[in-house]
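J.: quick one: sequence plus predicted model below, questions after.
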Amino acid sequence: QVQLVESGGGLVQAGGSLRLSCAASGRTYSSYAMGWFRQAPGKVREFVAGFSWGGGGSYYADSVKGRFSISKDNAKNTMYLQMNSLKPEDTAVYYCAADPTDCSGYGCALIDYDYWGQGTQVTVSS
């Protein structure tokens with residue numbers, strides 16, 4: 001089992017920045033897929049960004065490309081999502097996810113992730 005805990009959400013004005021964290025614990029693997037998803041009210045959950053913890057290439061949804069950046073801290077077993085130039089349409093609950101299946105690039109968006117965090121709310125005001 002893998003436990004994921006997100007943090008860092010909040011209220012920010014359009015054009016501002018936030019950094020989300022996803023702390024992983026439990027049984028982890030040296031190389032597994034990690035992803036960020038979001039779900040806005042009345043909408044389906046959508047993929048935002050993902051990569052392989054072992055070092056495979058990252059992939060971003062077109063809607064966030066150039067504004068969001070995914071990274072990790074191996075020592076802290078924590079993944080981050082740096083969100084810059086935020087827009088009101090970025091408002092959503094953000095979830096991190098993990099799966100033992102390795103991935104690279106676009107493949108990270110296609111995985112049926114096994115483990116999910118509880119979500120953190122991001123609200124961007126206009």
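T.: Happy to help now that I have it. Numbering: from 1, shown residues only.

J.: going by C-alpha atoms from here, please, whenever you check contacts or count neighbours.
T.: OK.

J.: ok, now which ones touch Gln121?
T.: For Gln121, the contact set (CA atoms under 8 Å, 6 or more residues apart in numbering) comprises Gly9, Gly10, Thr91, Ala92, Val93, Tyr94.

J.: confidence score at the closest residue in space to Ile70 that isn't next to it in sequence?
T.: Residue nearest to Ile70 in three dimensions, not counting chain neighbours: Leu81, with 4.7 Å by CA to CA, 6 or more residues apart in numbering. With respect to pLDDT, Leu81 scores 98.

J.: for Leu81, give me phi and psi.
T.: The phi/psi pair for Leu81 (degrees, to the nearest 10) reads phi -130, psi 110.

J.: one step back: could the contacts of Gln121 go into a markdown table alongside secondary structure, distance to Ile111 and pLDDT?
T.: Compiled in a markdown table, the contacts of Gln121 are given as follows (DSSP: H, G, I helix; E, B strand; the rest coil; distance: CA to CA, whole Å; pLDDT from 0 to 100):
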| residue | secondary structure | distance to Ile111 | pLDDT |
| --- | --- | --- | --- |
| Gly9 | coil | 25 | 97 |
| Gly10 | strand | 28 | 97 |
| Thr91 | coil | 24 | 98 |
| Ala92 | strand | 21 | 98 |
| Val93 | strand | 20 | 98 |
| Tyr94 | strand | 17 | 98 |
